[in-house]
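Enquirer: Provide a 3D model corresponding to the input given below.
(one chain, ligands or ions: 2)
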Amino acid sequence: MSDDREPKGMNRRRLLGTTAAAGAAGAAAAGTVTHLVGTAEAQDRRREERDDRSRPQRRPERQSNEVHPGELDEYYVFFSSGQSGEVRIYGMPSMRELIRVPVFNRDSATGWGQTNESLKVLTEGLTPETKTHLAKLGKVTFDSGDLHHPHLSFTDGTYDGRYLFANDKLNTRVCRIRLDVMRCDKIIQLPNQFTVHGLRVQKYPRTGYVFCNGEDRVPVPNDGRDLDRPDAYRSIFTAVNGDTMQVAWQIVVDGNLDNTDADYQGKYAFSTCYNSEGGVTLAEMMSAEQDWVVIFNLQRIEEAVRQRNYREIGGVPVLDGTRGSPLTRYVPVPNSPHGINTAPDGIHVVANGKLSPTVTVFDVRRFDDLFDDRIQPRDVVVAEPELGLGPLHTAFDGKGNAFTTLFIDSQVVKWNIETAKRAFRGERANPIIQKLDVHYQPGHNHSSMGQTKEADGRWLLSLNKFSKDRFLNVGPLKPENDQLIDISGDRMVLVHDGPSYAEPHDATIVHRSKINPVHRWTRDDPFFADAVKQAQADGVNLMEDSKVVRDGGKVRVYMTSMAPQYGLEKFNVRQGDEVTVYVTNVDDVEDLTHGFAISNYGISMEVPPQATSSVTFRAERPGVYWYYCTWFCHAMHMEMKGRMLVEPQ
Ligand code: CUK
Ligand code: CUA
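Expert: Ligands and ions are numbered 1, 2, ... in the order given. Coordinates of the predicted model:
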């Protein structure tokens, strides 16, 4: 992909250069440092230097993280947002936020959580028990979530650009985002399981499965039985079919489940457990010297499902994976592990110690023997280096090195996997290459393409939980600090501090060549197929017609939007009507989004190019209500409006 600059821009900058140079000279005269101002000439020089780098020449000491105006980033970063419930897309290395994708939250800009199209996604996958529960509260869905782990679909060990999957720890849901339109198209709530924390996907041959860890232990089914009998509580691991977004199977384990990952062979998934004690208090959960990693044998599980060797609970197959089951193995690791990460070499898996200063390295090639009982559980461990205090997550450069966050030490430690293995075998060897201070208390960290077999060893992000003094004080609630680190050389170099709102836990860094979003919707998109169907039934051509269809107490208002006008300048309804407004954006121009909002009715939604959006409400209050376009779309955008006339009863 080329970042060809337009000759037009060049000329314009040359022209403007005169003024800029004059300004710089003035500043110099005033005693300011000229090199900070930067003349147009210097900018050109920098640009030429940068352009040189795309040619096969000597690689410079340091790669630049500068992305000049008009230039595009090389990577997409898909950030989670924790308790904000959305996904955020950044460009890297500039670390500019590009867009947000609402998921488990309610979003004012797009109408996510209000439009019929989003409500379908937010409601159709809830369990029957939840639907009943919410109905009693007069609600149809949850309006908050806790999204921790965004992971893209794979084909053959790398990203295929189809989907992103993520968890909702708050309400036990899993979402899927379509990467062509960057919109969530499916959300399901998992039965039986309580919360989804760790979430990763099958890497080979493709996704395939989305693996979901049930973190907290509860009675199964959780219907009022065994309330205060923690020994009867269970954690459940779920495999969701990423194509159908239905539960493929669930498996009950001992202990609990924190984070998870999968191998590059399509044979195993594995999860950390920090509560092997089955405790319900902090002291109980920390009491044992060791917890474990549980390994799931996918072939054996699929065979057990085929043999119907399960109980059906909540409409899905639930297998027994507790100790002694042929479907699982439990490998003891030091107290309270957290993250678990498969290296791009397809061989090594790192479980991060948290309470222990160590990480535990497994060799997946030994898992077959473990399941065939030819070796003992700890025989799959090939290294266990002591790295520092509070290791939480590990990233990789694809060159044999690993980068582990140390929460308590506020550092990232770079270490070598082979050296750690030599030390584990008793050789005198120090695997630690460098420790870099980060600011402060890092959780996850991520390397560019580092969760695929195509790890490129260029950039590392450290997602720090505290920013403290790193930014202007904004009051008691501080931003997080996502720090960009250059790992292309021998030494890690911190190059950028990036504030972010609550609270990215995790991110996936994807080379832009893997992602190909569209510029407009197509009329046959399933996202608004219900609206198209209803219009057909009403004899309405959404792309041309604007009209009102009355159907008893229900009124369907169809209108087009084309800058700067809606198809209807006014429409009448009666007080008490159930009104559905369908707006179809017939503009075929890239980036020409309209909105539709009704003042004092709390209605607001986005209508992207070539899409239909709809919203349903009850016209309970008589009077004149102006509707207007919320997206600045035209010079006459302020005039893009009309009146809803609600006739009193
Ligand atoms: S968890 Cu947040 S720092 Cu939910 Cu991936 Cu480790
Ligand atoms: Cu349409 Cu503003």
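
Enquirer: what's the average pLDDT for stretch 469-480?
Expert: Predicted confidence along stretch 469-480 averages 97 (mean pLDDT).

Enquirer: roughly how far apart are K136 and ligand 2?
Expert: Here the criterion is CB to the nearest ligand atom, to the nearest Å. By it, K136 lies 40 Å from ligand 2. To be clear about C-beta, it is placed using only N, CA and C from the backbone, and glycine gets the same treatment.

Enquirer: G82 too?
Expert: For G82, the distance to ligand 2 - CB to the nearest ligand atom - is 33 Å.

Enquirer: ok, that residue - contacts?
Expert: For G82, the residues meeting the contact criterion (CB atoms under 8 Å, 6 or more residues apart in numbering) are 146-148, 502-505.

Enquirer: Out of those residues, which end up buried?
Expert: When burial is judged by neighbour count using 16 or more other CB atoms under 10 Å, the buried members of the contacts of G82 are 146-148, 503-505.

Enquirer: Please convert those to JSON lines, extending it with distance to R234, secondary structure and pLDDT.
Expert: Formatted as JSON lines, the buried ones among the contacts of G82 follow (distance: CB to CB, whole Å; DSSP: H, G, I helix; E, B strand; the rest coil; pLDDT from 0 to 100):
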{"residue": "D146", "distance to R234": "22", "secondary structure": "coil", "pLDDT": "98"}
{"residue": "L147", "distance to R234": "25", "secondary structure": "strand", "pLDDT": "98"}
{"residue": "H148", "distance to R234": "22", "secondary structure": "coil", "pLDDT": "98"}
{"residue": "E503", "distance to R234": "29", "secondary structure": "coil", "pLDDT": "95"}
{"residue": "P504", "distance to R234": "31", "secondary structure": "coil", "pLDDT": "94"}
{"residue": "H505", "distance to R234": "25", "secondary structure": "coil", "pLDDT": "95"}
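
Enquirer: Just flag the most distant two among the residues you listed.
Expert: Considering CB to CB, no two members of these lie farther apart than D146 and P504, which are separated by 12.1 Å.

Enquirer: least trustworthy helix or strand in this protein by mean pLDDT?
Expert: Sorted by mean pLDDT, DSSP states H and E, the helices and strands of the chain end with helix 34-37, the least confident at a mean of 33.

Enquirer: and the stretch 501-649 of the chain, which residues reach ligand 2?
Expert: The stretch 501-649 of the chain comes close to ligand 2 at residues 563-564, 594, 629, 631-634, 637, 640, as judged by CB under 6 Å from any ligand atom.

Enquirer: Go again with 8 Å.
Expert: 561, 563-564, 593-595, 628-634, 637, 640 (CB under 8 Å from any ligand atom).

Enquirer: go on, the chain?
Expert: When proximity is defined by CB under 8 Å from any ligand atom, the chain lies next to ligand 2 at 561, 563-564, 593-595, 628-634, 637, 640.

Enquirer: Which among those count as buried?
Expert: Of all the residues of the chain next to ligand 2 considered here, the ones buried according to neighbour count by 16+ other CB under 10 Å are 561, 563-564, 593-595, 628-631, 633-634, 637, 640.

Enquirer: Tell me the bridge partners for the closest residue in space to N572 that isn't next to it in sequence.
Expert: Excluding the flanking residues, the one nearest N572 by CB to CB, 6 or more residues apart in numbering is L645, at 4.7 Å. With DSSP bridges as the criterion, the beta-bridge partners of L645 are N572, V624.

Enquirer: Could you check how far L645 is from ligand 1?
Expert: Counting by CB to the nearest ligand atom, the gap from L645 to ligand 1 is 50 Å.

Enquirer: residues contacting that residue?
Expert: Contact criterion CB under 8 Å, 6+ apart gives 570-573, 624-625 as the residues in contact with L645.

Enquirer: Quick one, grab the pLDDT at R53.
Expert: 43.

Enquirer: Correction: the previous question concerned V103.
Expert: In the predicted model, V103 carries a pLDDT score of 98.

Enquirer: thought it was touching V87?
Expert: Yes: if you go by CB atoms under 8 Å, V103 and V87 touch, sitting 5.9 Å apart.

Enquirer: Those two: which has the busier surroundings?
Expert: V103 (29 against 26; other CB atoms under 10 Å).

Enquirer: State the helix or strand in which that one lies.
Expert: Applying DSSP states H and E as the criterion places V103 outside every helix and strand.

Enquirer: Against N171, how distant is it?
Expert: In this view, V103 and N171 are 12 Å apart by CB to CB, to the nearest Å.

Enquirer: Spell out which residues are contacts of both of the two.
Expert: Overlap between the neighbourhoods of V103 and N171 consists of G145, taking contacts as CB under 8 Å, 6+ apart.

Enquirer: how close does Y627 get to ligand 1?
Expert: Computed with CB to the nearest ligand atom, the distance linking Y627 and ligand 1 is 41 Å.
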